[in-house]
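Asks: turn this into a structure:
(chains A and B)
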Amino acid sequence: MIKKLPETLDGSVLFNVPLPADLAGLNELAPIIIKQHYAVDYLHTFGQDSPFFAGLANGKLLGTECPQCGYRYGTPKGHCTQCGARTRWFELPQEGQVHTFTVCYFGSEEFLPDCPFVLALIEWEGVNTLFLTRLLGVDPQAPSLDWVGMPVRARFRRNSKFKPTDVYFVPR
Amino acid sequence: MRNVYVVSGGVSKFTKARPDVTFQPMVKEAYDYILNDLGLTQPQAFELIDGTVCSYFSDHFARQLMAGIMVQDYLGLCPKPSFRVESGGATGGVCFQEAYKQVASGYLDVCLAYGFEKMSHVETWKGNEFIALASDQDFDYPVGGFYSGYYAMMVVRHMHEFGTTPEQLAKVSVKNHRNAFYNPYAQKRLKLTVQEVRDSPMVAYPLTRLDICVMSDGAAAVLLASEAGLEKLRQAGAQLAPAVQVAGIGRGTDAMRMADRPHQDFDQFFARNALPSEQTAETKAYYRELFERGTHYPGVHSFRAGRMASREAYRNAGLSEPLKELDFVELHDAYTSSEIQTYEDMGLCRYGEGGQFVDEGYPFLSGLDYGLELAHPGKLPVNPSGGLIACGHPVGATGLMQAVFALWQLQGTIKKHYGGDGTVQITQAKRGAIHSHAGTGTYVTVSILERK
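Replies: So this is what the prediction gives:
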C-alpha cells in the first residue's frame, strides 16, 4: 500500500516572490529552491581501448595480453600493470562462468527503467582478470548464491551502441 | 617529522537536506564549534591558524568548481595558504592526513582541515548516478553504474568464499544504528532488529536499504597543531583538552575496476600484503588451507588498499597487534558488508573470519543492549559513533567526522559534546584508529590517534 506520494521535479515555474517591507526578519526567510538543468554532449574517445568496441560490433569479445609476462586481461588494458609492456589483443572465449553477481532492484537514474537487472563479473580459465556484464536469462526475483560458478555464454547486440553492453551473458 | 596533535573538532548536524544554507555556512558551523570549544574568537583564530586543507568529493554535487576557496573566504581565513583534496569516499581521510603532513613537515604549526558535501541538490537516483561517475566510464558505468551493486557483488563473493551470511551483515546495521541512537549529530538514530534490516527493501542482493549508508548534507572540521602550535594556542588562552597525538598514518590504493583486481596466491599474499600480526605459524597454516581450497587475494571480496593502509599506519605508530592495542575503530562502513570485509584487512580478525567477528560480538560496545546474544561484546568497539550507515555519508566531511568522534572518545569528552549523554563513551580509551575508504576500495586511509 502506497502511503507517500513520489516527489518529482516537474511543476510550476515561479516568477516572483513576496518580500516584506521590514528587512529585519529576513534571516528567517525560507530558502528559495529552484530547478536548474544541466546537459552536455561530449566528444568521447575510447582511445587505445577502441578495438574492444570494434570487436563487439563484429561479434567478438576482445581482451589483451602481455607479450612479456603473459598476464591476460579479461577487460582490456593498453599496458600491462604487472610489467609495464604494451599489450596485444586476443579473442576471449565466448563461454565463461560467473565469478560473482548481484541483482539491482534500485539504481542510478539512467538505469532505473532496467530494474531489476543482474550484474555479473565473468571469469575465464587462464585469464587473470574479469569482465563486468549484464546477466540475462535468470530470474531476478530469485537470486541464489548457486549462481556463482554458473557456466554462461556471450550474446551480442545486432545493432551496436558502442557500449560494453553490446555484449551480455546468458546461462549456457 | 614533528609530533602532530589533534586539538579540537566540530561537526554540523548531519541531515538529509540543508536547504536553509549553501555549503559555506554549513562548514562554518563545524568551524565555529571548534572556536567555541577552544574559547577563541575569530580574530584570535585568524592569527593562530597558519593554513587549511579543504575536502569535498564531487564537483557534480557541488555544481561549483573551486568551492574550497569560497569556504576559505567565508570562514575569514583568506589569504592563508590552502588547497583542496579529492579522493572519492576517502576524501575526508586524505584531507586529515594532508593536514597532518602540513604540520609534521614543519610547514605549518596550526592547520585546519575542513570538509563538506551537500548531496541534496539532486534526487537520490541522480545522486546514485553522480557517485557511479566515480567508476570506469567506458567499462563499468554503462553496464549499470550503481555503487550498491558493485559492493553487493563483492559481498556475494565473500559469502561464497567464507560463508558470510546476510544476518551477520544485518547485525552490523543493528550495531551502528543503535550506537548512533546516542549521537545527536547522526542522521539515523534507530533501534533495529536483524529481522527489520532483512525486511527493509532489497536494493542490490543481498544488501537491503538498512545495509547501506545514506546521502547527507554535512560538514566537519578538525584543528591540528605541532608542539609549537599547541604553545601558541595556550598562550592565546585556548582551553585545551588532554592532548591527542596522531601516532601514525597509512594509505593504500587498488584498481578502479573491480574486474582488474589481482587474484594472488598464498606466497604473493604473504610477501606483499600480510600484516605483522598474521606472521604466526598458526595463522599461516590457516591461510595456507584457505588458499589451497581455492581462495585468492584480494580478488573482488577484499580490500588490498585497506590492508596496505593498515600496514603502513601500524608500522608508523609502532603497533603489531591491532586487536589488542586499539581501543576502538571508526571504520568507513558505507555498507555493512564493507565493514565486515575491512575487519579482515585491518587485521582485527583473520582473512575470512569477519562474519564470526560480528557473531562473537567483538565490535559491539559492552554495556549496551542491542537485543542480540553476544558472547564477547566490547573486545574492540567498531563505529561507536554509528559510522556512515547511521551518521550519514556527506562524502567530503565523513573522514573528518570520524576524526572528530575519535578525538572526543580519546579526550573522554563524549558526554560533553553529545549534550550530556555519555552512553557510548569508551572508558579509558587510549588509542583509536580512523579508516576512510573510497569506492570499492580504491583509496583507503588509516590514521592512528593516541591520548598522551
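
Asks: residue B:236 contacts residue B:46, correct?
Replies: No - applying C-beta atoms under 8 Å, one finds residue B:236 not in contact with residue B:46, separated by 11.1 Å. In short, each C-beta sits where N, CA and C put it, glycine included.

Asks: average pLDDT for stretch B:181-199?
Replies: The average pLDDT for stretch B:181-199 rounds to 98.

Asks: the stretch 1-150 of chain B against chain A: which residues are in contact?
Replies: By C-beta under 8 Å from any C-beta of the partner chain, the residues of the stretch 1-150 of chain B that approach chain A are B:19-21, B:63, B:123, B:125-126, B:128-129, B:132, B:137-140, B:142-146, B:148-150.

Asks: please indicate which of these are buried?
Replies: Taking 16 or more other C-beta atoms under 10 Å in any protein chain shown as the criterion, what is buried in these is B:21, B:126, B:128-129, B:132, B:138-140, B:142-146, B:148-150.

Asks: from the residues you listed, which two are the most distant?
Replies: Farthest pair in those (C-beta to C-beta) is B:21 and B:139. Separation: 38.6 Å.

Asks: tell me the contacts of residue B:338?
Replies: By C-beta atoms under 8 Å, 6 or more residues apart in numbering or on different chains, the contact list for residue B:338 reads B:151, B:154-155, B:303, B:332, B:437, B:441.

Asks: just the residues you listed now: which is nearest chain A?
Replies: Distance to chain A across the contacts of residue B:338 (C-beta to the nearest C-beta) is lowest for residue B:154, with 7.3 Å.

Asks: neighbours of the closest one, how many?
Replies: For residue B:154, the neighbour count with other C-beta atoms under 10 Å in any protein chain shown is 26.

Asks: sticking with it, tell me its helix or strand.
Replies: helix B:147-162 (DSSP states H and E).

Asks: keeping just the C-alphas, turn that helix into CSV.
Replies: Below are the C-alpha coordinates for helix B:147-162, written out as CSV (Å, rounded to 0.1, in the frame of the first residue of the first chain):
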residue,chain,number,x,y,z
TYR,B,147,27.8,1.6,-6.3
SER,B,148,25.5,-0.5,-4.1
GLY,B,149,25.5,-3.0,-7.0
TYR,B,150,29.3,-3.1,-7.0
TYR,B,151,29.6,-3.7,-3.2
ALA,B,152,26.8,-6.3,-3.5
MET,B,153,28.9,-8.2,-6.0
MET,B,154,31.9,-8.1,-3.6
VAL,B,155,29.9,-9.5,-0.7
VAL,B,156,28.3,-12.2,-2.8
ARG,B,157,31.8,-13.4,-3.5
HIS,B,158,32.7,-13.1,0.2
MET,B,159,29.7,-15.2,1.1
HIS,B,160,30.7,-17.7,-1.5
GLU,B,161,34.3,-17.9,-0.2
PHE,B,162,33.8,-17.8,3.5
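
Asks: quick one: the strands in the stretch 51-200 of chain B, in order.
Replies: Using DSSP state E, counting those that start in this stretch, the strands found in the stretch 51-200 of chain B span residues B:51-55, B:82-85, B:110-118.

Asks: so what strands line up beside the first one?
Replies: Here strand B:51-55 has these sheet partners by DSSP bridges: strand B:82-85 (parallel), strand B:110-118 (parallel).

Asks: tell me the most buried of those strands?
Replies: Comparing these by mean neighbour count (mean count of other C-beta atoms under 10 Å in any protein chain shown), strand B:110-118 comes out on top with a mean of 29.

Asks: looking at the residues of the stretch 1-150 of chain B next to chain A, which are in helices?
Replies: B:125-126, B:128-129, B:132, B:142-144, B:148-150 (DSSP state H).

Asks: report the contact partners of the residue lying closest to residue A:47 once chain neighbours are set aside.
Replies: Spatial nearest neighbour of residue A:47, chain neighbours left out: residue A:78 (7.8 Å); criterion: C-beta to C-beta, 6 or more residues apart in numbering or on different chains. By C-beta under 8 Å, 6+ apart, the contact set of residue A:78 is A:47-49, A:64, A:86-87.

Asks: average pLDDT across the helix holding residue B:154?
Replies: Averaging pLDDT along helix B:147-162 yields 98.

Asks: one more: stretch A:41-54?
Replies: Averaging pLDDT along stretch A:41-54 gives 97.
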